[in-house]
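Trainee: Sequence and computational prediction follow.
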Amino acid sequence: MDEEDNLTGSYGGVGSFPKSFDYGGEEGEMEEDSASADKPRILLMGLRRSGKSSIQKVVFHKMSPNETLFLESTNKIYKDDISGSSFINFQIWDFPGQVDFFDPTFDSEMIFKGAGALIFVIDAQDDYMEALVRLHLTVCRAHKVNPDINFEVFIHKVDGLSDDHKIEAQRDIHQRANDDLADAGLERVHLSFYLTSIYDHSIFEAFSKVVQKLIPQLPTLENLLNIFISHSGIEKAFLFDVLSKIYVATDSSPVDMQSYELCCDMIDVVIDVSSIYGLVEDGAGGCAYDKESVAIIKLNNSTVLYLKEVTRFLALVCILREESFERKGLIEYNFHCFRKAIHEVFEVGGSTDGRGGAGRSAARRNPAGLNFTALNGNGV
């Protein structure tokens, strides 16, 4: 058995991360409310017909956007545990549109206390004044219970708006929402705003930003990607959660929407072809994605898309020039170092041997002392 086989097997599953690393418990714990309550939660709130359930189905259940037209309105809290088919091991709670915070049965302490993020969805094609009132009430109530919660505002259904209308709607909603908070003495509460639609990749981009805030190892992952691309001649790299197409990390260079869309499309091609012609293993999340998964697509503009499996749920997708890909052996070696470093990072994150901040800082600089090889042959 070579080193790579040892690395893969040490995850406790084919390429999966141990569940103890800051993401909750084992699969199947949904049956136990006390255990499920320990998992990080993302709350989806907003007025009726704002698009909350459609977002959840498109992002995490691969539903076609057109199919969401037939979804019924949510009339109770729907709890969706997605940890069985995703690296992202948390729950999403989809709330009915008309939540009455003053109803005695509404337990603010229970709902907001364990939440990592609250996403409030506003329909940009509708009159959003009522939505802003509900947003303010929701943020005030949630912040009082849980000051650490991340507040995210999805200005949704912007696919039917002109570019000028999108910008104006975002500016107006941003201004009014923050003015309301300032009037209530909550000017320090930070709201993040995103323009989203289920008919393009903007909803995946926005959810990626939300999820990244809940990943404690994010700075380390970003640093590893920076090291990897700088020594491999790669222009851009994403670490994707395969089934949801959320990128859990990327390098420090700005994210170009067109590049992100190309990488998402590549994942779709790999999963669709693998599902038709590949062999589905037990526990593979319904698709033939495994440790042998790799794909190379050469575009007509001398650009190469390169996908390689990192774990059962994660894929590294890179964009590079064709001349850089001629050094494929170098890229393969550095990828092996990167994959090993991912293992080391999560080992440090989940260790209980008393290694504190010093150990984590060392891992961020160079996890496991790995020897990435640069284009000039010098190691780092």
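Mentor: Structure received. These figures come from a predicted structure and were not determined experimentally.

Trainee: Now do the strands in the stretch 1-150 of the chain.
Mentor: 41-46, 78-81, 91-94, 115-123, 150-156 (DSSP state E, counting those that start in this stretch).

Trainee: looking at the ones you listed, which has the lowest confidence?
Mentor: Mean pLDDT values for the strands of the stretch 1-150 of the chain show the minimum at strand 78-81, a mean of 85.

Trainee: List the pairing partners of that one within its sheet, with orientation.
Mentor: Next to strand 78-81 in the sheet, as set by DSSP bridges, lie strand 91-94 (antiparallel).

Trainee: Let me have the strands of the stretch 1-150 of the chain in a markdown table, adding distance to residue 254 as columns.
Mentor: In short, each C-beta sits where N, CA and C put it, glycine included. As requested, the strands of the stretch 1-150 of the chain are exported to a markdown table (distance: least, C-beta to C-beta, whole Å):
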| stretch | distance to residue 254 |
| --- | --- |
| strand 41-46 | 25 |
| strand 78-81 | 32 |
| strand 91-94 | 28 |
| strand 115-123 | 23 |
| strand 150-156 | 20 |
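
Trainee: Identify whichever of those lies nearest to residue 226.
Mentor: Among these, strand 150-156 comes nearest to residue 226, with 24.3 Å by C-beta to C-beta.

Trainee: Could you list the low-pLDDT ranges of the stretch 201-350 of the chain?
Mentor: Scanning the stretch 201-350 of the chain for pLDDT under 70 picks out 279-288, 346-350.

Trainee: one more time with 80, if that's ok
Mentor: Along the stretch 201-350 of the chain, the parts satisfying pLDDT under 80 run over 275, 277-292, 343, 345-350.

Trainee: What segments of it are strands?
Mentor: Using DSSP E, counting those that start in this stretch, strands in the stretch 201-350 of the chain cover 236-241, 246-250, 294-298, 303-309, 314-321.

Trainee: Export only the CA atoms of the first one, formatted as PDB.
Mentor: In other words, strand 236-241. Only the C-alpha atoms of strand 236-241 are listed here, as PDB (Å, rounded to 0.1, in the frame of the first residue of the first chain):
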ATOM      1  CA  LYS A 236      -7.100  29.900  -9.900                       C
ATOM      2  CA  ALA A 237      -8.200  27.000  -7.600                       C
ATOM      3  CA  PHE A 238     -11.400  26.200  -5.800                       C
ATOM      4  CA  LEU A 239     -12.000  23.600  -3.200                       C
ATOM      5  CA  PHE A 240     -15.600  22.400  -3.900                       C
ATOM      6  CA  ASP A 241     -18.200  20.600  -2.000                       C
END
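
Trainee: So which elements touch that strand?
Mentor: The contact analysis (3 or more C-beta pairs under 8 Å, 6 or more residues apart in numbering; DSSP states H and E) places strand 236-241 against helix 218-230, strand 246-250, helix 257-277, strand 314-321.

Trainee: Any idea how far it is from the middle of the chain?
Mentor: From the chain centre to the centre of strand 236-241 is a distance of 10 Å (C-alpha atoms, centre = their mean, to the nearest Å).

Trainee: just the longest one next, same as before
Mentor: The offset between the C-alpha centroid of strand 314-321 and the centroid of the whole chain comes to 16 Å, using C-alpha atoms, centre = their mean.

Trainee: and the angle for it with strand 294-298?
Mentor: Angle of strand 314-321 versus strand 294-298, following axes from the mean of the first three to the mean of the last three C-alpha atoms, to 10 degrees, is 20 degrees.

Trainee: hey, where'd the helices end up in this protein?
Mentor: Assignment of helices within the chain using DSSP state H yields the ranges 3-9, 33-36, 52-61, 108-113, 129-145, 163-183, 202-212, 218-230, 257-277, 322-325, 328-350, 357-365.

Trainee: The longest one to strand 314-321, inter-axis angle?
Mentor: Right, helix 328-350. Regarding helix 328-350 and strand 314-321, their directions subtend 140 degrees when assessed with the same axes, to 10 degrees.

Trainee: same question, the fifth one
Mentor: For helix 129-145 against strand 314-321, the angle by the same axes, to 10 degrees is 120 degrees.

Trainee: shift numbering so it begins at 49
Mentor: That works, and once the first residue is 49, the last one we named lands at helix 177-193.

Trainee: tilt between helix 177-193 and strand 89-94?
Mentor: Here helix 177-193 points in a direction 150 degrees away from that of strand 89-94 (the same axes, to 10 degrees).

Trainee: by contact count, what packs against helix 177-193?
Mentor: strand 89-94, helix 156-161, strand 163-171, strand 198-204, helix 211-231.

Trainee: quick one: low-confidence parts of the stretch 49-198 of the chain?
Mentor: 49-88, 120-123, 130-137, 146-154.

Trainee: try 90 this time
Mentor: For the stretch 49-198 of the chain, the stretches with pLDDT under 90 are 49-89, 96-97, 108-111, 115-139, 143-159, 161-162.

Trainee: before we move on, the earlier item: TSV please, covering the helices and strands packed on helix 177-193 and showing distance to residue 271 and mean neighbour count.
Mentor: Shown next, in TSV, are those (distance: least, C-beta to C-beta, whole Å; neighbours: other C-beta atoms under 10 Å):
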stretch	distance to residue 271	mean neighbour count
strand 89-94	26	24
helix 156-161	32	15
strand 163-171	22	23
strand 198-204	22	24
helix 211-231	31	14
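
Trainee: how about TSV for the ones you listed, with distance to residue 306 added?
Mentor: Formatted as TSV, the helices and strands packed on helix 177-193 follow (distance: least, C-beta to C-beta, whole Å):
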stretch	distance to residue 306
strand 89-94	27
helix 156-161	37
strand 163-171	25
strand 198-204	21
helix 211-231	16
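
Trainee: on that earlier part again, which of the strands of the stretch 249-398 of the chain sits closest to residue 170?
Mentor: Of those, nearest to residue 170 by C-beta to C-beta is strand 294-298, at 21.2 Å.
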